[in-house]
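In: Everything below, folded, please.
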Amino acid sequence: MKLKTGYENRRARVEMLPLIDVVFLLLVFFIYAMVSMVLHRGMKVDLPKAGTAQADNRDYLNITITAENKILFNDTETTQENLVDLVQSALAKKGEDSPLFISGDRTADLGIAVEILDKLRSAGIERVSFSCKKEAEK
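Out: Residues are numbered from 1 along each chain as shown. The predicted structure is shown next:
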């Protein structure tokens, strides 16, 4: 004897909770992938700390001054004399509104950074910022 349970008449349905879990995991994966793709140009230097530092995540140009007072422009070692020409040609390719950062090691000579800043401003490059870490609140 065959009994009817009513189970035969039920239609298949899509459960929402597992679907929400899958979409959430995909969202987390893509956010993590984008964060890990952040591009950092320059050498690792010990940046000074500043209480009013703000993050700027746009594509940028980077001048690095190492602890040994070597000057690097986007990972390429250069001299102060060639630096202005390199920066001007890079700004011409990327656009004048591209930010330019000077990342100086805290033990590097301040005089070199000031000389670089002065040469850049003399060449008409006004949008120059210094990279620093946000100071930990006490």
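
In: contacts, neighbours, all on C-alpha from now
Out: Noted.

In: Enumerate the positions of the lengthiest helix in the chain that are buried.
Out: Determined from DSSP state H, the single longest helix within the chain is helix 16-36. Buried residues in helix 16-36, counted by 16 or more other Cα atoms under 10 Å: none are found.

In: Now do it: distance to the chain's middle.
Out: Mean-position distance between helix 16-36 and its chain equals 23 Å (Cα atoms, centre = their mean, to the nearest Å).

In: And the contacts of that helix?
Out: Taking Cα atoms under 8 Å, 6 or more residues apart in numbering as the criterion, no residue outside helix 16-36 touches it.

In: go on, stretch 72-86?
Out: Contacts with stretch 72-86, where a contact means Cα under 8 Å, 6+ apart, come from 41-43, 61-65, 70-71, 87, 116, 119-120, 123.

In: For residue 132, grab the count of nearby residues.
Out: Residue 132 is flanked by 22 other residues according to other Cα atoms under 10 Å.

In: quick one on the thing from earlier: average pLDDT for the longest helix of the chain, rounded please.
Out: Per-residue pLDDT values across helix 16-36 average out to 89.

In: what about the strands in the chain?
Out: 49-50, 61-65, 71-73, 76-78, 100-104, 128-130, 133-134 (DSSP state E).

In: Deepest-packed of those, please.
Out: Mean neighbour count, computed with mean count of other Cα atoms under 10 Å, is highest for strand 61-65 among those, reaching a mean of 25.

In: Pretty sure residue 103 sits against residue 61.
Out: No: the pair residue 103 / residue 61 is not scored as a contact, 10.4 Å apart, by Cα atoms under 8 Å.
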